[in-house]
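Chemist: Provide a 3D model corresponding to the input given below.
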Amino acid sequence: MGNGYQLRMTDITKSFYGVEVLHHVDLHVRKGEIHALIGENGAGKSTLMKILSGAYQKDSGEIYLADTLIEVDSPKKGIQLGIGIIYQELELAEELTVAENIFLDQIGEGSLFVNWKKLKQKAEKVLAELDLHIDVNREIKQYNIAYQQIVEIAKAISKDIKILILDEPTSSLAPKEVELLFKILDKLKNRGVSIIYISHRMEEIFRICDSFTTLRDGKVTGEGRVADYTIENIVELMIGRSLNEMFPERLQHQIGKEIFRIENFNSPKFKDINLTVREGELLGISGLIGSGRTEVARAVFGIDKKNNRERLYSGAEN
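Modeler: Modelled structure (predicted):
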(Lines give C-alpha, C1' and ligand atoms only; values in the text may rest on other atoms or scores of the structure.)
Protein backbone atom coordinates (compact mmCIF):
# COMPACT_ATOMS: atom_id res chain seq x y z
CA MET A 1 0.00 0.00 0.00
CA GLY A 2 2.31 2.68 -1.34
CA ASN A 3 0.34 5.71 -0.20
CA GLY A 4 -0.02 4.42 3.38
CA TYR A 5 -3.81 4.63 3.36
CA GLN A 6 -6.16 1.81 4.31
CA LEU A 7 -9.08 3.74 2.83
CA ARG A 8 -9.43 6.46 0.22
CA MET A 9 -12.73 7.96 -0.85
CA THR A 10 -12.14 10.46 -3.63
CA ASP A 11 -14.44 12.99 -5.31
CA ILE A 12 -17.61 11.45 -3.81
CA THR A 13 -20.91 13.10 -4.80
CA LYS A 14 -24.44 12.20 -3.82
CA SER A 15 -27.84 13.77 -4.56
CA PHE A 16 -31.34 13.11 -3.28
CA TYR A 17 -34.24 14.20 -5.50
CA GLY A 18 -31.99 16.52 -7.47
CA VAL A 19 -30.40 18.17 -4.42
CA GLU A 20 -26.68 17.47 -4.07
CA VAL A 21 -25.82 16.68 -0.44
CA LEU A 22 -22.20 15.59 -0.90
CA HIS A 23 -19.98 17.79 -3.06
CA HIS A 24 -16.77 16.08 -4.28
CA VAL A 25 -15.79 14.75 -0.86
CA ASP A 26 -12.39 13.18 -0.13
CA LEU A 27 -11.69 11.01 2.93
CA HIS A 28 -8.31 9.41 3.67
CA VAL A 29 -7.78 6.99 6.57
CA ARG A 30 -4.54 5.21 7.45
CA LYS A 31 -4.21 1.64 8.68
CA GLY A 32 -4.51 1.25 12.45
CA GLU A 33 -5.63 4.79 13.23
CA ILE A 34 -8.76 6.34 14.68
CA HIS A 35 -10.03 8.99 12.29
CA ALA A 36 -12.63 11.49 13.49
CA LEU A 37 -15.35 12.50 11.04
CA ILE A 38 -16.65 15.80 12.37
CA GLY A 39 -19.51 18.07 11.39
CA GLU A 40 -22.78 19.56 12.52
CA ASN A 41 -26.04 17.68 12.03
CA GLY A 42 -26.78 17.65 8.31
CA ALA A 43 -23.16 18.11 7.28
CA GLY A 44 -23.15 14.82 5.35
CA LYS A 45 -21.32 12.49 7.74
CA SER A 46 -23.95 9.76 7.85
CA THR A 47 -24.56 9.91 4.10
CA LEU A 48 -20.85 9.49 3.42
CA MET A 49 -20.60 6.53 5.80
CA LYS A 50 -23.69 4.88 4.37
CA ILE A 51 -22.05 5.09 0.95
CA LEU A 52 -18.90 3.50 2.36
CA SER A 53 -20.85 0.69 4.04
CA GLY A 54 -23.12 0.03 1.04
CA ALA A 55 -26.43 1.33 2.38
CA TYR A 56 -26.41 4.17 -0.20
CA GLN A 57 -24.90 4.28 -3.68
CA LYS A 58 -22.67 7.18 -4.69
CA ASP A 59 -23.45 9.21 -7.80
CA SER A 60 -19.79 9.60 -8.69
CA GLY A 61 -16.31 9.23 -7.24
CA GLU A 62 -14.08 6.31 -6.31
CA ILE A 63 -13.43 4.21 -3.21
CA TYR A 64 -10.12 2.41 -2.65
CA LEU A 65 -9.43 -0.19 0.02
CA ALA A 66 -5.65 -0.22 0.27
CA ASP A 67 -4.75 0.23 -3.42
CA THR A 68 -7.74 -1.68 -4.76
CA LEU A 69 -10.66 0.13 -6.38
CA ILE A 70 -13.88 -1.25 -4.90
CA GLU A 71 -17.61 -0.95 -5.50
CA VAL A 72 -19.79 -1.27 -2.40
CA ASP A 73 -23.24 -1.92 -3.85
CA SER A 74 -24.87 -3.35 -0.71
CA PRO A 75 -24.26 -3.69 3.04
CA LYS A 76 -23.54 -7.39 2.47
CA LYS A 77 -20.82 -6.46 -0.03
CA GLY A 78 -19.43 -3.96 2.48
CA ILE A 79 -19.08 -6.70 5.10
CA GLN A 80 -17.47 -9.01 2.54
CA LEU A 81 -14.92 -6.30 1.78
CA GLY A 82 -14.17 -5.83 5.49
CA ILE A 83 -16.21 -2.69 6.20
CA GLY A 84 -18.39 -2.69 9.32
CA ILE A 85 -20.66 0.01 10.69
CA ILE A 86 -22.24 0.33 14.12
CA TYR A 87 -25.10 2.78 14.21
CA GLN A 88 -26.16 4.82 17.22
CA GLU A 89 -29.29 2.66 17.45
CA LEU A 90 -27.90 -0.83 17.92
CA GLU A 91 -29.09 -3.61 15.61
CA LEU A 92 -29.42 -6.54 17.99
CA ALA A 93 -32.08 -9.21 18.49
CA GLU A 94 -32.96 -8.68 22.16
CA GLU A 95 -34.50 -12.10 22.72
CA LEU A 96 -31.46 -13.97 21.40
CA THR A 97 -28.27 -14.81 23.27
CA VAL A 98 -24.94 -13.04 22.96
CA ALA A 99 -23.55 -15.92 20.87
CA GLU A 100 -26.57 -15.94 18.57
CA ASN A 101 -26.32 -12.19 18.02
CA ILE A 102 -22.62 -12.32 17.15
CA PHE A 103 -23.15 -15.01 14.51
CA LEU A 104 -26.76 -14.29 13.59
CA ASP A 105 -26.14 -14.19 9.83
CA GLN A 106 -24.06 -17.36 9.97
CA ILE A 107 -26.40 -19.60 11.99
CA GLY A 108 -27.13 -22.72 9.96
CA GLU A 109 -25.15 -21.40 7.00
CA GLY A 110 -24.57 -24.30 4.62
CA SER A 111 -26.25 -26.81 6.94
CA LEU A 112 -29.68 -27.86 8.13
CA PHE A 113 -28.42 -28.12 11.71
CA VAL A 114 -26.70 -25.69 14.07
CA ASN A 115 -23.73 -26.81 16.14
CA TRP A 116 -24.60 -24.74 19.22
CA LYS A 117 -21.54 -25.84 21.18
CA LYS A 118 -19.22 -24.71 18.40
CA LEU A 119 -21.16 -21.45 17.99
CA LYS A 120 -20.73 -20.61 21.69
CA GLN A 121 -17.03 -21.48 21.59
CA LYS A 122 -16.52 -19.19 18.60
CA ALA A 123 -18.36 -16.37 20.38
CA GLU A 124 -16.23 -16.78 23.50
CA LYS A 125 -13.07 -16.69 21.37
CA VAL A 126 -14.11 -13.45 19.63
CA LEU A 127 -14.93 -11.78 22.97
CA ALA A 128 -11.68 -13.04 24.50
CA GLU A 129 -9.79 -11.22 21.73
CA LEU A 130 -11.34 -8.04 23.15
CA ASP A 131 -10.45 -9.07 26.73
CA LEU A 132 -14.15 -9.39 27.51
CA HIS A 133 -15.43 -12.44 29.33
CA ILE A 134 -19.22 -12.52 29.59
CA ASP A 135 -21.76 -15.31 29.50
CA VAL A 136 -22.53 -15.89 25.82
CA ASN A 137 -25.58 -17.98 26.79
CA ARG A 138 -27.44 -15.01 28.31
CA GLU A 139 -29.95 -13.03 26.29
CA ILE A 140 -28.45 -9.78 25.02
CA LYS A 141 -31.22 -7.72 26.67
CA GLN A 142 -29.82 -8.71 30.08
CA TYR A 143 -26.69 -6.61 29.45
CA ASN A 144 -26.42 -2.83 29.57
CA ILE A 145 -25.89 -0.60 26.53
CA ALA A 146 -22.10 -0.63 26.82
CA TYR A 147 -21.87 -4.42 26.66
CA GLN A 148 -24.46 -4.54 23.88
CA GLN A 149 -22.32 -2.14 21.90
CA ILE A 150 -19.25 -4.29 22.41
CA VAL A 151 -21.23 -7.30 21.20
CA GLU A 152 -21.93 -5.27 18.03
CA ILE A 153 -18.17 -4.71 17.71
CA ALA A 154 -17.61 -8.45 18.25
CA LYS A 155 -20.08 -9.15 15.43
CA ALA A 156 -18.00 -6.93 13.17
CA ILE A 157 -14.58 -8.35 14.03
CA SER A 158 -15.91 -11.91 13.65
CA LYS A 159 -16.09 -11.03 9.95
CA ASP A 160 -12.44 -9.90 9.78
CA ILE A 161 -13.15 -6.22 9.23
CA LYS A 162 -10.54 -3.72 8.10
CA ILE A 163 -12.65 -0.57 8.56
CA LEU A 164 -14.95 -0.03 11.54
CA ILE A 165 -17.36 2.94 11.53
CA LEU A 166 -18.79 4.12 14.87
CA ASP A 167 -21.65 6.64 14.87
CA GLU A 168 -21.87 8.60 18.17
CA PRO A 169 -20.81 5.51 20.16
CA THR A 170 -20.69 7.19 23.59
CA SER A 171 -23.97 9.11 23.41
CA SER A 172 -25.72 6.67 25.76
CA LEU A 173 -22.78 5.53 27.90
CA ALA A 174 -21.78 6.40 31.45
CA PRO A 175 -18.11 7.43 32.09
CA LYS A 176 -16.99 3.94 33.19
CA GLU A 177 -18.61 2.44 30.11
CA VAL A 178 -16.87 4.98 27.88
CA GLU A 179 -13.54 3.84 29.33
CA LEU A 180 -14.40 0.22 28.50
CA LEU A 181 -15.23 1.19 24.91
CA PHE A 182 -11.98 3.16 24.51
CA LYS A 183 -10.02 0.15 25.78
CA ILE A 184 -11.65 -2.02 23.10
CA LEU A 185 -10.96 0.55 20.36
CA ASP A 186 -7.30 0.70 21.38
CA LYS A 187 -7.04 -3.08 20.98
CA LEU A 188 -8.61 -2.92 17.52
CA LYS A 189 -6.28 -0.09 16.52
CA ASN A 190 -3.25 -2.15 17.60
CA ARG A 191 -4.53 -5.00 15.43
CA GLY A 192 -4.42 -2.74 12.39
CA VAL A 193 -8.15 -1.98 12.17
CA SER A 194 -8.91 1.53 10.93
CA ILE A 195 -11.69 3.20 12.91
CA ILE A 196 -13.85 6.07 11.66
CA TYR A 197 -15.22 7.82 14.74
CA ILE A 198 -18.24 10.13 14.41
CA SER A 199 -18.80 12.29 17.48
CA HIS A 200 -19.70 15.80 18.58
CA ARG A 201 -17.70 15.38 21.79
CA MET A 202 -14.45 17.25 21.21
CA GLU A 203 -12.80 16.04 24.41
CA GLU A 204 -13.15 12.45 23.16
CA ILE A 205 -11.81 13.30 19.71
CA PHE A 206 -8.72 14.94 21.19
CA ARG A 207 -8.20 12.03 23.54
CA ILE A 208 -8.44 9.01 21.22
CA CYS A 209 -8.35 10.18 17.58
CA ASP A 210 -5.19 10.43 15.48
CA SER A 211 -6.55 12.38 12.52
CA PHE A 212 -9.73 14.12 11.41
CA THR A 213 -11.83 15.34 8.51
CA THR A 214 -14.41 18.10 8.94
CA LEU A 215 -17.53 18.45 6.80
CA ARG A 216 -19.84 21.43 6.42
CA ASP A 217 -22.83 21.49 4.06
CA GLY A 218 -21.58 18.36 2.30
CA LYS A 219 -18.08 19.72 1.64
CA VAL A 220 -14.71 18.99 3.21
CA THR A 221 -13.56 22.07 5.14
CA GLY A 222 -10.44 20.64 6.75
CA GLU A 223 -8.33 17.59 7.52
CA GLY A 224 -5.15 16.85 9.40
CA ARG A 225 -3.56 15.36 12.50
CA VAL A 226 -5.54 16.09 15.65
CA ALA A 227 -2.38 16.92 17.60
CA ASP A 228 -1.68 19.85 15.26
CA TYR A 229 -4.97 21.61 16.05
CA THR A 230 -6.86 23.06 18.98
CA ILE A 231 -10.52 22.50 19.76
CA GLU A 232 -11.21 26.07 18.66
CA ASN A 233 -9.48 25.44 15.30
CA ILE A 234 -11.56 22.36 14.55
CA VAL A 235 -14.84 23.91 15.69
CA GLU A 236 -14.20 26.85 13.38
CA LEU A 237 -13.63 24.44 10.47
CA MET A 238 -16.82 22.62 11.42
CA ILE A 239 -19.19 25.57 11.84
CA GLY A 240 -17.54 28.23 9.66
CA ARG A 241 -17.10 30.85 12.37
CA SER A 242 -15.00 31.40 15.45
CA LEU A 243 -15.89 29.68 18.69
CA ASN A 244 -16.84 32.91 20.48
CA GLU A 245 -19.62 33.29 17.93
CA MET A 246 -20.86 29.73 18.35
CA PHE A 247 -24.08 30.62 20.15
CA PRO A 248 -26.34 33.46 18.96
CA GLU A 249 -27.53 36.03 21.45
CA ARG A 250 -30.65 34.78 23.22
CA LEU A 251 -33.70 36.85 22.33
CA GLN A 252 -35.64 38.31 25.22
CA HIS A 253 -39.21 37.06 25.48
CA GLN A 254 -41.86 36.63 28.10
CA ILE A 255 -42.64 33.23 29.60
CA GLY A 256 -46.43 33.03 29.93
CA LYS A 257 -48.95 31.06 31.93
CA GLU A 258 -48.95 27.31 32.38
CA ILE A 259 -50.61 25.58 29.43
CA PHE A 260 -49.78 21.91 30.05
CA ARG A 261 -48.98 19.82 33.12
CA ILE A 262 -48.37 16.16 33.94
CA GLU A 263 -48.77 14.75 37.44
CA ASN A 264 -47.79 11.26 38.62
CA PHE A 265 -47.53 10.03 35.02
CA ASN A 266 -46.93 6.27 34.89
CA SER A 267 -46.63 3.36 32.53
CA PRO A 268 -44.86 -0.02 32.62
CA LYS A 269 -41.78 1.79 31.28
CA PHE A 270 -41.61 4.89 33.54
CA LYS A 271 -42.84 6.02 36.94
CA ASP A 272 -44.15 9.22 38.59
CA ILE A 273 -43.27 11.74 35.87
CA ASN A 274 -44.17 15.35 36.70
CA LEU A 275 -43.57 18.34 34.44
CA THR A 276 -45.02 21.71 33.49
CA VAL A 277 -44.91 23.65 30.21
CA ARG A 278 -45.65 27.38 29.94
CA GLU A 279 -46.45 29.66 27.00
CA GLY A 280 -43.34 30.58 25.03
CA GLU A 281 -41.21 27.99 26.83
CA LEU A 282 -38.96 25.34 25.32
CA LEU A 283 -38.83 22.33 27.65
CA GLY A 284 -36.12 19.71 27.16
CA ILE A 285 -36.37 16.11 28.35
CA SER A 286 -32.93 14.49 28.55
CA GLY A 287 -31.47 11.16 29.60
CA LEU A 288 -29.52 8.15 28.37
CA ILE A 289 -30.97 5.67 25.92
CA GLY A 290 -33.42 3.49 27.83
CA SER A 291 -34.16 6.12 30.47
CA GLY A 292 -37.74 6.60 29.23
CA ARG A 293 -37.62 9.90 27.31
CA THR A 294 -39.23 8.57 24.15
CA GLU A 295 -41.71 6.45 26.08
CA VAL A 296 -42.96 9.50 28.01
CA ALA A 297 -43.45 11.49 24.81
CA ARG A 298 -45.26 8.61 23.10
CA ALA A 299 -47.58 8.13 26.07
CA VAL A 300 -48.39 11.87 26.28
CA PHE A 301 -49.21 11.88 22.59
CA GLY A 302 -51.39 8.78 22.99
CA ILE A 303 -49.37 6.34 20.91
CA ASP A 304 -48.58 4.05 23.86
CA LYS A 305 -50.81 3.02 26.74
CA LYS A 306 -50.47 4.68 30.14
CA ASN A 307 -51.80 3.82 33.58
CA ASN A 308 -55.12 5.28 34.74
CA ARG A 309 -53.97 7.12 37.86
CA GLU A 310 -51.98 9.86 36.09
CA ARG A 311 -53.40 13.35 35.55
CA LEU A 312 -52.87 15.64 32.57
CA TYR A 313 -53.96 19.26 32.41
CA SER A 314 -53.96 21.63 29.46
CA GLY A 315 -55.22 24.98 28.30
CA ALA A 316 -58.20 26.60 30.01
CA GLU A 317 -58.19 24.16 32.92
CA ASN A 318 -55.33 26.21 34.35
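Chemist: Leu92 touches Tyr143, doesn't it?
Modeler: No - applying Cβ atoms under 8 Å, one finds Leu92 not in contact with Tyr143, separated by 9.7 Å. From N, CA and C alone the C-beta is placed, and that goes for glycine too.
Chemist: those two: who's more crowded?
Modeler: Using other Cβ atoms under 10 Å, the more surrounded residue of Leu92 and Tyr143 is Leu92, with 20 against 17.
Chemist: helix, strand or coil for that one?
Modeler: At Leu92 the chain is in coil, as set by DSSP: H, G, I helix; E, B strand; the rest coil.
Chemist: quick one, what contacts it?
Modeler: Leu92 makes contact with Asn101, Ile140, Gln148, Val151, Glu152 under the criterion Cβ atoms under 8 Å, 6 or more residues apart in numbering.
Chemist: if we can go back for a sec, any common contacting residues for Leu92 and Tyr143?
Modeler: Taking Cβ under 8 Å, 6+ apart as the contact rule, Leu92 and Tyr143 both touch Val151.
Chemist: so which of the contacts of Leu92 are in helices?
Modeler: Secondary structure of these is defined by DSSP state H; positions in helices are Asn101, Gln148, Val151, Glu152.
Chemist: which of those residues are buried?
Modeler: Those of the ones in helices among the contacts of Leu92 that meet the buried threshold are Asn101, Gln148, Val151, Glu152, by 16 or more other Cβ atoms under 10 Å.
Chemist: if I look at Leu81, how far off is Asp26?
Modeler: Here Leu81 is placed at a distance of 19 Å from Asp26 (Cβ to Cβ, to the nearest Å).
Chemist: repeat that for Tyr87.
Modeler: Applying Cβ to Cβ, one obtains 24 Å for the distance of Tyr87 from Asp26.
Chemist: quick one: which of the two has more around it?
Modeler: The residue with the greater number of neighbours, taking Tyr87 and Asp26 and applying other Cβ under 10 Å, is Tyr87; the counts read 17 against 13.
Chemist: gap between the more buried one and Glu168?
Modeler: 9 Å.
Chemist: helices along the stretch 151-300 of the chain, start to end?
Modeler: Listed from the start of the chain, the stretch 151-300 of the chain has helices (DSSP state H, counting those that start in this stretch) covering 175-190, 202-208, 231-239, 293-301.
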